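Participant: Structure for the following, please:
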Amino acid sequence: LLRGSARKLDAGGEVAWAFLIRTPEAVEAGIRTIPRDGLNPEFKVEKRGLALLPSTKTLNPDLLFDDLAVGDIKYKLQGNDWETGDLYQAVAFATGFQVKEAAILTFSTGQVAHAPLQVGGVRLSNFCWPADGSLTPVEAAAHLTTDVRKWLRQTRNSRP
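Facilitator: So this is what the prediction gives:
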C-alpha cells in the first residue's frame with residue numbers, strides 16, 4: 001500500500017495517517033444476522049465455539065443451526081468447484097459438533113451453488129448470496145434465507 005503510493009515510513013515534511021479495517025469479520029457478522037433473524041423462531045442460529053480438549057485448539061463455525069447443522073461464511077466469490085480448504089474445514093466443524101450437515105455460504109455474481117457433496121458421514125451444501133446487482137440487499141437476503149430454511153427443514157425431516 002505504501003510503496004504503491006510513493007510513500008515510505010520515514011520522517012518527512014508531510015503528516016499523514018492511515019488505518020486498515022478488517023472487513024471479513026464485519027461482513028460475516030452482518031451475513032450471520034440474515035439467517036438468525038430470518039429463521040427465528042423456527043431455527044436458532046448462533047455462533048459458538050467448541051474446545052478440543054486437552055489441546056488449546058477450538059472449532060469455530062460461523063453458524064450453528066440448533067443441533068442440526070453447521071455453516072461457515074466465506075468472504076469471497078463462488079468458485080467453479082469446491083475449495084479444498086473450505087471443504088475440509090466444514091467437514092471438521094460438522095464432525096466436531098456431531099452433525100451430519102454442513103454448509104458453506106459464499107457470494108455469487110451469477111455462479112450457481114455447488115451440488116451437495118457427501119464426505120463420509122457429512123453432507124456438505126453450498127448457498128450463495130447473489131451479489132450481481134440484479135437483486136436489492138433485502139431481496140438477496142430473502143433468497144438466501146429461503147434456501148437455508150428449505151435445507152434445514154429437509155435436514156430436520158430426514159432425522160430418525
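Participant: just so I have it, where are all the helices in the protein?
Facilitator: Along the chain, counting by DSSP state H, helices occupy 23-39, 84-96, 137-157.
Participant: Out of the ones you listed, flag the one nearest residue 68.
Facilitator: Checking those against residue 68 by CB to CB gives helix 137-157 as the closest, at 5.1 Å. Where you see a C-beta, it was placed from the backbone N, CA and C, and this is true even at glycine.
Participant: buried set for that closest one?
Facilitator: 140-141, 144-145, 147-148, 151-152, 155-156 (16 or more other CB atoms under 10 Å).
Participant: In this protein, where is pLDDT below threshold?
Facilitator: In the predicted model of the chain, residues 1-12, 16-19 satisfy pLDDT under 70.
Participant: before we move on, the earlier item: from the buried residues of helix 137-157, which is closest to residue 87?
Facilitator: residue 151 (17.1 Å).
Participant: Show the contacting residues for the closest one.
Facilitator: 69, 101, 103, 125, 127 (CB atoms under 8 Å, 6 or more residues apart in numbering).
Participant: Restricted to strands, list those.
Facilitator: 69, 101, 103, 125, 127 (DSSP state E).
Participant: which among those residues gets closest to residue 89?
Facilitator: For these, the residue nearest residue 89 by CB to CB is residue 103; the value is 11.8 Å.
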